[in-house]
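this one's sequence-less:
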């Protein structure tokens, strides 16, 4: 790579990918049940996804693409392109999402509704790929919430063990072993459990996720 960034990064702006499941009861946020019902967990998932999509719309990304398992609903805002997830394990689905990009791309999930345009700005700005080949956003559970590649290569993801306590470390090692210059984004908490949901809602009190969490916890406690 040249000191000025990759040729692809100079030719194209950066695509922002959001990988997600449609918020269908029983298919999303199953670790929130109990204390939440499957329907309540799906409402939290929808709020988390909507917060994430609106944050994406407020960034400087060239294009915003929802890589979706399921069907879009009324929750989908204008300005977001939708492509279907492929079959296979999560590593295969992430790899395929990057493979569909024609230039640099940053991928995030739907589990961090506290994400903001400011948090993503370093990886999406005009100097994002200067002296940098990859961006990595670690999650506090050992995974990762963001991954950016100046030149998307699906092989950088295929075969990385997913959903383990060392997924993030394994993925970052894959990048550095490939000789990529990696910059890190801040650590964020994924919403997986009811405790996570409470912590994230408190950290981002103005979002849809926090409002839905407050409404549902009032119901749960009543």
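Cool, the structure landed. These numbers were taken from a predicted model, which means no experiment stands behind them.

residue 151 is in contact with residue 178, correct?
No - applying C-beta atoms under 8 Å, one finds residue 178 not in contact with residue 151, separated by 10.6 Å. No exception for glycine: its C-beta is placed from N, CA and C like everyone else's.

how close does residue 15 sit to residue 80?
Per C-beta to C-beta, to the nearest Å, residue 15 is found 12 Å from residue 80.

residues of the longest helix seen in the chain that come out buried?
Secondary structure of the chain per DSSP state H: the longest helix is helix 38-57. Applying a neighbour-count criterion of 16 or more other C-beta atoms under 10 Å, the buried positions in helix 38-57 are 38, 40-56.

now do the helices in the chain.
The residue ranges that make up the helices of the chain, judged by DSSP H, are 7-11, 38-57, 90-99, 117-124, 167-177, 194-203, 208-221.

could the ones you listed go into TSV alongside mean pLDDT and distance to residue 109?
Formatted as TSV, the entries for those read as follows, by pLDDT from 0 to 100; distance: least, C-beta to C-beta, whole Å:
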stretch	mean pLDDT	distance to residue 109
helix 7-11	50	23
helix 38-57	98	8
helix 90-99	97	10
helix 117-124	98	13
helix 167-177	98	12
helix 194-203	98	13
helix 208-221	88	14
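
tell me which of the ones you listed is the most buried.
Mean neighbour count (mean count of other C-beta atoms under 10 Å) peaks for helix 38-57 among the helices of the chain, with a mean of 22.

show me what that helix is packed up against.
Judged by 3 or more C-beta pairs under 8 Å, 6 or more residues apart in numbering; DSSP states H and E, helix 38-57 is in contact with strand 15-21, strand 63-69, helix 117-124, helix 208-221.

so for residue 178 and residue 151, which sits in the more crowded spot?
More neighbours sit around residue 151 than around the other of residue 178 and residue 151, counting by other C-beta atoms under 10 Å; the figures are 19 against 13.

quick one: neighbours of the residue nearest to residue 56 when sequence neighbours are not counted, just the number.
Ranked by C-beta to C-beta, 6 or more residues apart in numbering and with sequence neighbours excluded, the top spatial neighbour of residue 56 is residue 64, at 4.8 Å. Using other C-beta under 10 Å, the number of residues around residue 64 comes to 17.
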